[in-house]
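Peer 1: quick one, structure for this:
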Amino acid sequence: EDACDDAALCCDAGECGYADFAAGISTGPSNATEDNQTLTFSVEQTLGAASLFAVQPTVDGNGTLSFTLASNGNGAARFRIFLTDSGGVEHGGSDRSADLTFNVTVAS
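Peer 2: Residues are numbered from 1 along each chain as shown. The predicted structure follows:
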């Protein structure tokens, strides 16, 4: 029996998906400028072997984390995720969230 706590990503094999991995997604206060912005998640591997994955992790616009494990993979990988908007940084604004990290451990 596999044990998964709230901080762990658990996936037996193949395609893995985690709805609401990123929650509370917003372009900011509702106004003509903020409402028209496009939000994009970036996921970058910072540690471990890319060969653990047949398809690298991504996060879609609804906050769902998805990836596909490679066959017979074994090891761990760490990722950095951040969100950017298309609003730019005019008037002292910010177009990028703080970085968050997550780990994926694969045991065959």
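Peer 1: switch to C-alpha atoms for all contacts and neighbour counts from now on
Peer 2: Will do.
Peer 1: just the CA atoms of the helix-or-strand element of the chain with minimal mean pLDDT, as PDB, please.
Peer 2: One helix or strand of the chain scores below all others by mean pLDDT, DSSP states H and E: helix 32-35, with a mean of 70. The C-alpha coordinates for helix 32-35 follow below in PDB (Å, rounded to 0.1, in the frame of the first residue of the first chain):
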ATOM      1  CA  ALA A  32     -10.600  46.800 -17.900                       C
ATOM      2  CA  THR A  33      -6.800  46.300 -17.700                       C
ATOM      3  CA  GLU A  34      -6.600  43.200 -15.500                       C
ATOM      4  CA  ASP A  35      -9.600  41.400 -17.000                       C
END
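Peer 1: give me the contact list for the helix or strand following it.
Peer 2: Downstream of helix 32-35, the next assigned helix or strand under DSSP states H and E is strand 39-48. Residues outside strand 39-48 that contact it (Cα atoms under 8 Å, 6 or more residues apart in numbering): 27, 57-61, 75-86.
Peer 1: so which of the residues you listed sit within strands?
Peer 2: Within the contacts of strand 39-48, residues falling in strands by DSSP state E are 57-59, 75-85.
Peer 1: could the residues you listed go into a markdown table alongside neighbour count, distance to residue 40 and pLDDT?
Peer 2: Output for the ones in strands among the contacts of strand 39-48, formatted as a markdown table (neighbours: other Cα atoms under 10 Å; distance: Cα to Cα, whole Å; pLDDT from 0 to 100):
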| residue | neighbour count | distance to residue 40 | pLDDT |
| --- | --- | --- | --- |
| 57 | 20 | 14 | 93 |
| 58 | 17 | 10 | 94 |
| 59 | 23 | 9 | 93 |
| 75 | 13 | 28 | 88 |
| 76 | 15 | 25 | 89 |
| 77 | 18 | 22 | 92 |
| 78 | 15 | 20 | 93 |
| 79 | 18 | 16 | 94 |
| 80 | 16 | 14 | 93 |
| 81 | 19 | 10 | 92 |
| 82 | 16 | 8 | 91 |
| 83 | 19 | 6 | 89 |
| 84 | 18 | 5 | 87 |
| 85 | 20 | 6 | 83 |
